[in-house]
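[1] Got a predicted structure here, sequence first:
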Amino acid sequence: MATTSNQFVMLHLGVGSFHRAHQAWYMHRLRLQQAPGGDQWSLAGGNTRPDMPETMAALAAQGGAYTLETVTPQNQRSYERIESIRSILPYEPSLAGLIKVGADANTRIISFTVTEAGYYLDADDQLDLTVADLAADLERAKQGQPGSCIYAALTAILRERMRGGGGKVTLLNCDNLRHNGQRVRGGLLSFIQLAGDTALHAWVQANTTCPNAMVDRITPRPAADLRPRVFAATGWDDAAPIMGESFIQWVIEDNFCNGRPAWESVGVQMVDSVAAFEEAKIRLLNATHSCIAWAGTLVGYQYIHEGTHDARIRQMAYDYVTTDVIPCLDTPAHPSPLDLAAYRDVVLDRFGNPAIQDTNQRVAADGFSKIPGFIAPTVRECLARGASIDAVAVLPALFLAFLQRWHRGELSYVYQDQAMDPAVAHAICDAADPVVALAANATFWAELAGDPRLVAALHKATLQVQQFIQDAA
């Protein structure tokens, strides 16, 4: 007698390149080893905004399947057809497709990637209602209508799930946001409360969990030569291929309220606390990535690997991690479970991979959320223990020089920053002393804004950056 399997779904919001190279890859590996008659997991995915319409249409035409090109630091390429996304949900302003799938009882996890700037949280982790898109979505939610930001989309989905008795569901954040699960939970509950939906507020508290997680895989925007290269290697004329590095990591707190895939069988690290992993990733990898992108742009490089192989830029990144970050994350009272020096070296080797062709434009984006999220914590902790901040101060000094190029219209590419108010950015650059203006910005520095120690370190670092640019001219 044949056994019947349980068919479970993970709905993902934000079907970009990173999701397809990361979470979808893990789910694909899991599906390859799922035994008949056992629990079967698959992905459904769509976007809350009309993003990447050509790519989404191509994915739908291909039944959700696509090719992943994986590239090692030694430039070895391999190709894999990923088939874990079983349903591509076309965008519609009503979000009807997402709401239907998200409310279904067989959907046990709702995951999302909206970038760190898409959560609209201020320095105190409160919703920043000065952001017009968020404020407009809140008004829609008060009227029972869906919206495009993550909180509005989740509110619409969970309202329908509550009404239909869809049961408990885990909300899984897959973005580079420190304490990402608990912070999105706080933002979501605040949004629902401000929308006046007390019943949903209580239901979400009782019927959802939001594990913290750390994700890692460098995934550049697909280049024009990727499609013909995939065709030459596989014979499949894939209209939506992606490329990623060979390194991949996913660490998740095992806090799921209605079942989960057996991800540990395909290399996912299921842990009690993700804190040490996420802190190392954010400060050693993400902040260093931004450092190299800003510095590389300032001296005319197009790609991350070019800056990584520039001895001056590599030294800036190395000194930042070695002098300021590692002493913060590895202390006698709280020793790190990771070998941070080895992690630093692996990160720099990954960034130096020329085959990835990762652009400075992609990595340099969203500085207004990266300064407070990736860099300010190291400044804060160094100052708290009376240590120098000379090495970490180089990073915001690089960003200021980068921002001044943008201000003058001299960048070689379009700068994208979801969290930036252009008027505020121009005002910093127009100030009598832009260093003082940058240091005074509370969005960046919170309680440290205007601190004389910060101002002095930024002035010193700015001179260093100016000399670096002159030497490269």
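    Received the coordinates, thanks.
[2] ok so Met162 is a strand residue?
    No: using DSSP: H, G, I helix; E, B strand; the rest coil, the assignment for Met162 is helix, not a strand.
[3] Tell me who's in contact with it.
    Ala199, Leu200, Trp203, Asn207 (C-beta atoms under 8 Å, 6 or more residues apart in numbering). No exception for glycine: its C-beta is placed from N, CA and C like everyone else's.
[4] Show residues contacting whichever strand or helix holds the first one.
    Per DSSP states H and E: Ala199 is located in helix 198-207. Taking contacts as C-beta under 8 Å, 6+ apart, the residues outside helix 198-207 that touch it are Thr155, Leu158, Arg159, Met162, Gly167, Lys168, Val169, Leu188, Leu189, Ile192, Gln193, Cys257.
[5] Equivalent analysis for stretch 432-452, please.
    122-124, 368, 371-372, 376, 379-380, 383, 396-397, 400, 404, 419, 424, 427-428, 431, 454-455, 458-459, 462.
[6] Quick one, which of those residues are buried?
    For the contacts of stretch 432-452, a burial check counting by 16 or more other C-beta atoms under 10 Å picks out 368, 371-372, 376, 379-380, 383, 396-397, 400, 404, 419, 428, 454-455, 458, 462.
[7] ok now the lowest-mean-pLDDT helix or strand in the chain, how far from the chain's centre?
    Here the helix or strand of the chain ranked lowest by mean pLDDT, DSSP states H and E is helix 275-280, holding a mean of 92. Averaged C-alpha coordinates place helix 275-280 at 14 Å from its chain's average position (C-alpha atoms, centre = their mean, to the nearest Å).
[8] and the next helix or strand after that helix, what other elements does it pack with?
    Toward the C-terminus, helix 275-280 is succeeded by helix 287-298 as the next helix or strand (DSSP H and E). The contact analysis (3 or more C-beta pairs under 8 Å, 6 or more residues apart in numbering; DSSP states H and E) places helix 287-298 against helix 304-308, helix 311-319, helix 340-351, helix 360-364, helix 367-370, helix 390-407, helix 452-472.
[9] buried residues in the helix holding Ala199?
    Leu200, His201, Trp203, Val204, Asn207.
[10] So what does Glu80 have for phi and psi?
    phi -140, psi 130 (degrees, to the nearest 10).
[11] tell me the secondary structure for the closest residue to it other than its chain neighbours?
    Closest residue to Glu80 apart from its sequence neighbours, by C-beta to C-beta, 6 or more residues apart in numbering: Leu68 at 5.0 Å. Put simply, Leu68 is strand when judged by three-state DSSP.
[12] Show the model's pLDDT score for the nearest residue to Thr115 once chain neighbours are set aside.
    Closest residue to Thr115 apart from its sequence neighbours, by C-beta to C-beta, 6+ apart: Asp175 at 6.2 Å. Note on Asp175: pLDDT of 93.
[13] could you measure Asp175 against Phe18, distance?
    Asp175 sits 9 Å away from Phe18 when distances are taken as C-beta to C-beta, to the nearest Å.
[14] overlap in contacts of those two?
    Thr113, Val215.
[15] how close does Gln418 get to Tyr120?
    9 Å.
[16] So between the two, which is more surrounded?
    Tyr120 (24 against 17; other C-beta atoms under 10 Å).
[17] what ranges do the strands span in the stretch 1-150 of the chain?
    7-13, 40-46, 66-71, 77-82, 85-89, 107-112 (DSSP state E, counting those that start in this stretch).
[18] Next, format those strands as CSV and append mean pLDDT, distance to Val436 and mean neighbour count.
    Output for the strands of the stretch 1-150 of the chain, formatted as CSV (pLDDT from 0 to 100; distance: least, C-beta to C-beta, whole Å; neighbours: other C-beta atoms under 10 Å):
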stretch, mean pLDDT, distance to Val436, mean neighbour count
strand 7-13, 97, 40, 21
strand 40-46, 96, 45, 23
strand 66-71, 97, 44, 22
strand 77-82, 98, 49, 15
strand 85-89, 97, 49, 21
strand 107-112, 98, 38, 22
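[19] so which of those strands gets nearest Asp345?
    Closest approach to Asp345 among those (C-beta to C-beta): strand 66-71, 19.4 Å.
[20] so where's this structure uncertain?
    Residue ranges of the chain with pLDDT under 70: 1-5, 37-38.
[21] hey, C-alpha coordinates of the helix holding Ala199 in CSV?
    Taking C-alpha atoms only, helix 198-207 is exported to CSV below (Å, rounded to 0.1, in the frame of the first residue of the first chain):
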residue,chain,number,x,y,z
THR,A,198,-5.8,44.2,18.0
ALA,A,199,-7.1,40.8,17.1
LEU,A,200,-4.3,40.2,14.6
HIS,A,201,-1.8,41.6,17.0
ALA,A,202,-2.7,38.9,19.6
TRP,A,203,-2.9,36.2,16.9
VAL,A,204,0.6,37.0,15.6
GLN,A,205,2.0,36.9,19.1
ALA,A,206,0.5,33.5,19.7
ASN,A,207,0.9,31.9,16.3
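[22] Spell out which strands sit alongside the next helix or strand after that helix in the sheet and which way each one runs.
    Sequence-wise, the next helix or strand downstream of helix 198-207 (DSSP H and E) is strand 208-209. The pairing partners recorded for strand 208-209 under DSSP bridges are strand 169-173 (parallel).
[23] wouldn't Pro354 be in contact with His305 here?
    Yes: Pro354 is within contact range of His305, at 4.5 Å (criterion: C-beta atoms under 8 Å).
[24] With neighbour numbers in mind, choose between these two.
    Set Pro354 next to His305 and count neighbours by other C-beta under 10 Å: His305 wins out with 21 against 15.
[25] My read is that the more buried one contacts Asp349, right?
    No: applying C-beta under 8 Å as the test, His305 and Asp349 come out as separate, 10.5 Å apart.
[26] measure Thr378 to Ala456 for me?
    17 Å.
[27] between the two, who's got more neighbours?
    Neighbours per residue (other C-beta under 10 Å) separate Thr378 from Ala456, with Thr378 holding more: 25 against 15.
[28] ok, Asp310 - contacts?
    Ala295, Gly296, Val299, Tyr301.
[29] So which of those is the closest to Ile282?
    Once C-beta to C-beta is applied, the member of the contacts of Asp310 that ends up nearest Ile282 is Ala295, at 18.9 Å.
[30] quick one: contacts for the residue lying closest to the closest one once chain neighbours are set aside?
    In this structure, Ala295 finds its nearest non-sequential neighbour in Ile313, 4.6 Å apart by C-beta to C-beta, 6+ apart. By C-beta under 8 Å, 6+ apart, the contact set of Ile313 is Cys291, Ile292, Ala295, Gly296, Val299, Gly307.
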